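# let me see the structure of the following:
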Amino acid sequence: MKYALVTGGSSGIGYAYAEGLAARNYNVLIVSNREDLNANAQTELQTKYPNITVSTLMMDLAEAGAGQRLYDYCHEHDMDIEVLVNNAGMFYFGAVVEKPCALTDKMLSLHITTPADLCILFGKEMKEKGHGYILNAGSITGFMSFPTIVAYESSKAFLVKFSKALAFELSHYGVNVCCVCPGAVDTDLYNLSPNMRKWLCRFGLMLKPRQIANRGLRAMFHGRKRKIPGLINYFFLLCCFLLPGFLVNMVKKKYV
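Below is the predicted model of the structure:
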């Protein structure tokens, strides 16, 4: 059976990806480390899209060997993965040297090791079949070098470069690889008030998960190698490249 695999698909942008793929008549496998959210997502999507199969798997994708175990699970359950969405992620804010190494190790495993393993394992299968899609969740921070998000932005930079190079490797074999790099997302991550989030969304400074997922999926299915949702984010990127060092140091002195 043709499946779309979405890591971190039980909430946020991941859930929006899962819903967007279900609407395109893909059977969906959602993988995350939250059993309760998995169950809710499965119930909601299965009710809304009764003609497809929604499956879930609770797995900590930051653990060593998680990519291989997930690949093996799909084979054991006869799930033919046509679309792979590497969306699972985490975030922390603050000076990297003040955080436990274990926390950074977990982020690097989740953002780099497991997505790379899944791209390699499923990408090889897609290459042999001559068809498939891979979407990796990057970030505009992957183009920055900024204090307080050192590990996060560095891991996203890996995904940006890895995805582009992999796209060139696989494009002649009918496999498209797209890296979606959003800016600010309408979630609880930033501890903003509901009114502030509403205002930011109204003026396009922050996008809702569904907006990002819809634009990302369209880009992937249309053969794009990279998608930065929201025109305002191109302006933010330009500002970051032109940002004077003394302003970066001001942020550093305040938060690091």
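
# contacts only, for residue 75.
When the contact criterion is CB atoms under 8 Å, 6 or more residues apart in numbering, residue 75 has no partners at all. Every C-beta, even on glycine, is put in place using the N, C-alpha and C of the backbone.

# for residue 181, same thing?
Shown in contact with residue 181 (CB under 8 Å, 6+ apart): 138-140, 142-143, 156, 160, 226-229, 233.

# hmm, 6 Å instead?
138-140, 228 (CB atoms under 6 Å, 6 or more residues apart in numbering).

# out of those residues, which is nearest to residue 175?
residue 138 (18.0 Å; CB to CB).

# count the residues that sit near residue 135.
27 (other CB atoms under 10 Å).

# the helices in the protein, which residues?
12-23, 35-48, 66-76, 101-108, 114-129, 150-170, 194-202, 209-221, 232-242, 245-255 (DSSP state H).

# for the chain, give me the ranges with low pLDDT.
For the chain, the stretches with pLDDT under 70 are 188-192, 199-200, 202-205, 231-256.

# quick check: phi and psi on the nearest residue to residue 22 once chain neighbours are set aside?
Closest residue to residue 22 apart from its sequence neighbours, by CB to CB, 6 or more residues apart in numbering: residue 49 at 4.4 Å. Phi and psi for residue 49, reported as degrees, to the nearest 10, are phi -130, psi 80.

# who's in contact with residue 152?
residue 91.

# quick one on the thing from earlier: the residue nearest to residue 22: neighbour count?
19.

# next one: residue 221
The tally of other residues near residue 221 (other CB under 10 Å) stands at 14.

# and what of residue 119?
22.

# contacting residues for it?
Neighbours of residue 119 in contact, by CB under 6 Å, 6+ apart: residue 134.

# how close does it sit to residue 194?
Counting by CB to CB, to the nearest Å, the gap from residue 119 to residue 194 is 37 Å.

# between the helices of the chain, which one is closest to residue 182.
Nearest of these to residue 182, taken as CB to CB: helix 209-221 at 4.7 Å.

# tilt between the closest one and helix 12-23?
Interaxial angle of helix 209-221 relative to helix 12-23 (axes from the mean of the first three to the mean of the last three CA atoms, to 10 degrees): 60 degrees.

# next one: helix 209-221 to chain centre, how far?
11 Å (CA atoms, centre = their mean, to the nearest Å).

# just checking, what packs against that helix?
If contacts are counted by 3 or more CB pairs under 6 Å, 6 or more residues apart in numbering; DSSP states H and E, helix 209-221 sits against helix 12-23, strand 175-180.

# deepest-packed of these, please.
Ranked by mean neighbour count under mean count of other CB atoms under 10 Å, these are led by strand 175-180, which reaches a mean of 26.

# only alpha carbons, please: show that strand as CSV.
Output in CSV follows, covering the C-alpha atoms of strand 175-180 (Å, rounded to 0.1, in the frame of the first residue of the first chain):
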residue,chain,number,x,y,z
VAL,A,175,12.8,11.3,-6.9
ASN,A,176,12.2,14.9,-5.7
VAL,A,177,13.8,16.2,-2.5
CYS,A,178,12.6,19.5,-1.2
CYS,A,179,13.7,21.4,1.9
VAL,A,180,11.0,23.7,3.4
